[in-house]
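J.: Just the structure for this:
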Amino acid sequence: MHLEALDDGAGPDVDLLLDLNFNAKTEGYLKILRSLADFQMFWIEIDTYSAEALGHIRRQSPHPISSCETLLGVREFLPYFREQAMDVAIIDTVWNGVWQSMKIAACADAHEVNVAPHNFYGHLCTMMSAHFAAAVPNLRIMEIDIDRLPWDHELFTHLPLIEDGHLVVPDRPGWGTEPIEEALRAHPPTKEAGLLTYGARKS
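T.: Residues are numbered from 1 along each chain as shown. Below you'll find the predicted structure:
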């Protein structure tokens, strides 16, 4: 019902992308995909710990499959590439680092797989992802979060420039923006949550 409402309200010029994350198992993902067969989906994003399971899902999917935004390093991506488990590999350029992300994108290209940067962060990460997106030959699309925080624009020297729906890659040195440390100190983390504690050991 939500997708029908979005499809009707947004019209034919807006693509539908659905992120299912880790919220089902193979059987559940297949049921969802069958129920959405009549939609024209840009992609459906599925995360699973099994490359074989995702390959099985993709081979039965009526829609393109994207995945792998939680993986780190070439070695973790390789089983998914060998399995031809997704149409688009989502690479987190921030957690992997842009140089490592370029290596992953090259491996994806060798396996005829497109890539997209995982970018739900702030402006610095958007600039990093933009440089990555401009440099790889197998880019599909770039994610961007345009309404993340009301004070995002206060934190960096330059903001991402979007013209006619396209992000303009900056030609300034480095990533094209710098953090403003005084502004960052004015907005400290309010609690330990989310990625702030990623990988931390419980005491």
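
J.: Find the residue at the geometric middle of this structure.
T.: For the chain, residue 118 is the residue whose C-alpha lies nearest the centre (CA atoms, centre = their mean; 2.5 Å).

J.: What separation do you get for that residue and residue 47?
T.: 11 Å (CB to CB, to the nearest Å). All C-beta spots, glycine's among them, are computed from the backbone N, C-alpha and C.

J.: Overlap of the contact sets of those two?
T.: Jointly contacting residue 118 and residue 47 under the rule CB atoms under 8 Å, 6 or more residues apart in numbering are residue 69.

J.: number of nearby residues for residue 167?
T.: By the criterion of other CB atoms under 10 Å, residue 167 has 17 neighbours.

J.: List the neighbouring strands of the helix or strand that it is a member of plus their orientation.
T.: If you go by DSSP states H and E, residue 167 is part of strand 166-168. Applying DSSP bridges, strand 166-168 is found paired with strand 161-163 (antiparallel).

J.: and the partner strand, how far from the chain's centre?
T.: 19 Å (CA atoms, centre = their mean, to the nearest Å).

J.: can you check stretch 44-59 too?
T.: Worked out by CA atoms, centre = their mean, stretch 44-59 lies 16 Å from the chain centre.

J.: buried set for it?
T.: Buried residues in stretch 44-59, counted by 16 or more other CB atoms under 10 Å: 44-48, 51, 53-58.

J.: same deal with stretch 59-76?
T.: Here stretch 59-76 shows 61, 63-69, 71, 74 as buried, counting by 16+ other CB under 10 Å.

J.: Among the residues you listed, which pair sits farthest apart?
T.: Using CB to CB, the two most remote members of those are 63 and 74, lying 26.9 Å apart.

J.: Stretch 111-124: end-to-end distance?
T.: Using CA to CA, to the nearest Å, one end of stretch 111-124 lies 30 Å from the other.

J.: Of all the residues in it, which ones are buried?
T.: In stretch 111-124, counting by 16+ other CB under 10 Å, buried: 111, 113-119, 121-124.
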